[in-house]
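[1] here is a sequence together with a model predicted from it:
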Amino acid sequence: MELFKIEPGLFIWTWISFGLLLLILSKFVFPALLGGVKERERKIAESMDKAEEIERRLAKIESERETLVAEARKKADEILRGVRSEAGELKDKLSAKAADEAERILEDARRKIDTERETMINALRDDLADFVCEASGRLIGSSVSGDKEREMARKLVDEL
């Protein structure tokens, strides 16, 4: 079994080759690899710091937004209360104005009715006085159409 036989020359050259390879790798390759790893670690750390800063800013912005929303709701409620109050006052003013206008119109209508009634009563009195004069004239058999007779008939009608 020659497979497991150790040859000193091969053994020494293998170790020399391995040492040279290790020296070359440690001089040129390992520093570059370690530098890349360290750079990647630095970038990851920076990214984590940025993410934490963003989370803090986001929390602050969210807090400010909630404060602004609460203030906006408060102002909206105040404005709404003011508008409702003004609407109530306006409604009261308009109701009072409408009531005053209705009262004025009603008073004007009453005055017109009174005027028309007086005019109608006077016209009826005149017609009744004429009728009395005509009826009296027929009863007495002569014409009663003078101003004096008419005045007497009007006084008679007024007394009725």
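    Yep, it's here.
[2] state the mean pLDDT of stretch 54-71.
    Averaged across stretch 54-71, pLDDT comes to 96.
[3] now stretch 24-32
    For stretch 24-32, mean pLDDT is 91.
[4] do stretch 110-117 as well
    Mean pLDDT, stretch 110-117: 93.
[5] so who does Asp126 touch?
    By C-beta atoms under 8 Å, 6 or more residues apart in numbering, Asp126 lies in contact with Arg154. Backbone N, C-alpha and C define where each C-beta goes, glycine included.
[6] next, Ile6: phi, psi?
    phi -90, psi 130 (degrees, to the nearest 10).
[7] and for it, the neighbour number?
    6 (other C-beta atoms under 10 Å).
[8] from Thr14, how far off is it?
    Ile6 sits 11 Å away from Thr14, taking C-beta to C-beta, to the nearest Å as the criterion.
[9] mind jotting down where the helices sit in the chain?
    Using DSSP state H, the helices of the chain run over residues 8-24, 30-140, 147-159.
[10] distance from the longest one to the middle of the chain?
    It refers to helix 30-140. Its chain's C-alpha centre and that of helix 30-140 lie 9 Å apart, by C-alpha atoms, centre = their mean, to the nearest Å.
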